[in-house]
Each structure stands twice: as structure tokens, then as C-alpha cells.
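> need the 3D shape of this:
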Amino acid sequence: MTRLYDMHCHLDFADNAAEVAAAAHEADLVALCSTVVPSSFVAAREEFSPYPNIHVALGVHPWWVAQERVSEVDLARFEALAAATPFIGEVGLDFHSKRNATRQRQEEVLYRLLSCLDQVGPGKLIFLHAVHAADAVLDMLERCNTTAAHTCVFHWFQGTPDDFGRALAHDCWFSVGMRMLATDAGRLFAKAVPDDRLLVETDNPPHEGMPYTLDMWTEELRNTVEDLAELRETNTETLSALLASNSAKLLDRA
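Residues are numbered from 1 along each chain as shown. Presented below is the predicted three-dimensional model:
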């Protein structure tokens, strides 16, 4: 059986995260856990250190920025930690509903984060959050010359066809999950992603302190691969092998 990969999750949100990580290690499931603030990154890296199948990314989530839960200390800590990890995420912009009121602050923070990455050197794998903001995120990537030095992944892409074309032109990747596949627009983009830029994700657990199990995790991943295979008119085994190859390629920078 082909190894399962989850290239964007929040395993540290689970109230039994270490237990699930241990079960995933036994099941040969590989994951990249994105974090929401630097303190979460430090804690998750320590918690998952016994499990080499769980990689941890350093993030400053735009929701936390919008909620004023990101301080100057957090940003300074990101800058101090960035050189020590190949994985960044998640970072980005979210202009949906009430969060649009914090647009300027979000853009200031993202510019600071990407500028930091420009200074610490090339080769990062960066996971991007962009809700009602794909064009603004792409503008920021261009402003900071980020895609020239790093590999960028749009998780749960929600932009326009023009945004999608711009992202492809910048060699961006796309991580697809069940939430993306639940919308007509999401399915159109998921079908159009080139084979060599395609990944899968769960984005789970969705909230802090939730109970989680390996069975819940693997079921969603398998359902995602099956749905995506049908959408892309291929078989599950072929797609699973492609996803495993793509994921391993990106993770091979630790």
C-alpha cells in the first residue's frame, strides 16, 4: 500500500496529539503540521520530536493576526526561528467578513515575515493561507521575490482563474482537501492543477482542543484521494503514488 501523506494539518490542535502522532508513526502516515504562532511551533516540535514522520512548520496565521493574538514578541520570535526550520506555515492573508477590517495589519505582518525569509536564505517550503486575498498574497510574493527563492504552496486555493494562472506562473503548488472539493470552483481548480504541483491535505483538526484519532485521519485522506482521482479521471493507486512522490520531494529538505 502506498504511504499516506497529509501535507497540511494542525495535529497540534488535537487534545491527544502525541497519541495520534505515535499511531501515525506505526501506520507509516507522514504529515506536515502547520502552526499558528511561534510558541505553538516550539511546543509542537518538542511534542512530536520522537516521531520523524511528523514535520512541523513555523507559522503566524492571519486569523491570529486579525484577532490581535500576534504580538511584537511573536514576530521577533518568528524572525529568530526562521533560519532553523525548512518549513514555514501557515502564513498569509484573510480578508473574509470582519477580518477585512484588519487588512492593513495583516499585510504589514506578512510583508515582515516574507522579508525575513528573504534574509535567511533560500529553500523554504511555505504554506499560504489566502481567503478573499489570493491576488493580494500573490502581489506580496512578487514584492518580496519569494517564489524565486522558495517553494510556495497554496493550501485550499480559493482565488480566481486569473489568480490561479499567476500562481502557476510562479511555480506554486496546491494542496487539495475535502473542503476544497466540496465547491464547484474548488473542484475546477483541483482538476486543473498540474500533476507535478499537486498535494493533498486535511487541514484537521479544525479547532484547538479537539479529540482526534488515526482512523478519522486516514479515512479523510483516503476519501480525498478517491474523490480527487475520480475528478482527475485516473485511478486511486496511480494518484496515490504521484502524491507520495510529490510530497516526499518537498519534504526532502529537513
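> which residues in the stretch 1-150 of the chain form helices?
According to DSSP state H, counting those that start in this stretch, the stretch 1-150 of the chain carries its helices in the segments 17-27, 38-47, 62-66, 72-81, 103-120, 134-143, 146-149.
> which one of these is the most hemmed in?
helix 62-66 (a mean of 23; mean count of other C-beta atoms under 10 Å). C-betas here are computed from N, CA, C, even on glycine.
> show me what it is packed up against.
strand 87-94, helix 103-120 (3 or more C-beta pairs under 8 Å, 6 or more residues apart in numbering; DSSP states H and E).
> quick one on the thing from earlier: pipe the helices of the stretch 1-150 of the chain into CSV and attach mean pLDDT and distance to residue 201 per row.
Formatted as CSV, the helices of the stretch 1-150 of the chain follow (pLDDT from 0 to 100; distance: least, C-beta to C-beta, whole Å):
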stretch, mean pLDDT, distance to residue 201
helix 17-27, 98, 15
helix 38-47, 98, 17
helix 62-66, 97, 17
helix 72-81, 98, 22
helix 103-120, 98, 21
helix 134-143, 98, 17
helix 146-149, 98, 20
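> would you agree residue 38 is in contact with residue 61?
No. In this structure, residue 38 is not within contact of residue 61 by C-beta atoms under 8 Å, at 11.0 Å.
> of all the helices of the stretch 1-150 of the chain, which one is nearest residue 232?
Each of these has some distance to residue 232 by C-beta to C-beta; the shortest is helix 134-143, at 21.7 Å.
> what residues does the closest one touch?
Identification of contacts with helix 134-143 by C-beta atoms under 8 Å, 6 or more residues apart in numbering yields 92-93, 95, 107, 110-111, 114, 128, 130, 146-147, 152, 154, 157-160, 162-163, 166-167, 170.
> for stretch 177-187, could you pull out the residues that count as buried?
177, 178, 179, 180, 181, 186, 187 (16 or more other C-beta atoms under 10 Å).
> for residue 243, see how far away the residue lying closest to residue 21 once chain neighbours are set aside is.
The shortest distance from residue 21 to any non-neighbouring residue, by C-beta to C-beta, 6 or more residues apart in numbering, is to residue 51 (4.6 Å). According to C-beta to C-beta, to the nearest Å, residue 51 stands 21 Å off from residue 243.
> which one of these two has more residues nearby?
residue 243 (25 against 19; other C-beta atoms under 10 Å).
> residues contacting that one?
For residue 243, counting by C-beta under 8 Å, 6+ apart, the contacting residues are 5, 198, 199, 200, 225.
> just send those back as TSV, with distance to residue 17, secondary structure and neighbour count too.
Shown next, in TSV, are these (distance: C-beta to C-beta, whole Å; DSSP: H, G, I helix; E, B strand; the rest coil; neighbours: other C-beta atoms under 10 Å):
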residue	distance to residue 17	secondary structure	neighbour count
5	18	strand	24
198	27	strand	20
199	22	strand	24
200	20	strand	29
225	23	helix	21
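> what is the nearest of those to residue 70?
Distances from residue 70 to these, taken by C-beta to C-beta, are shortest for residue 199, at 26.4 Å.
> I'd say that closest one and residue 7 touch.
Yes. Assessed by C-beta under 8 Å, residue 199 is found in contact with residue 7 at 4.3 Å.
> hang on, residue 11 packs against residue 57?
No. Counting by C-beta under 8 Å, residue 11 does not reach residue 57; the two are 11.2 Å apart.
> identify the contacts common to the two.
What both residue 11 and residue 57 touch, as defined by C-beta under 8 Å, 6+ apart, is the set residue 33.
> between these two, which one's more packed in?
For residue 11 versus residue 57, the count of surrounding residues by other C-beta under 10 Å is larger for residue 11: 27 against 23.
> got a list of what that one touches?
By C-beta under 8 Å, 6+ apart, the neighbours of residue 11 are 17, 20, 21, 31, 33, 44, 48, 54, 205, 212.
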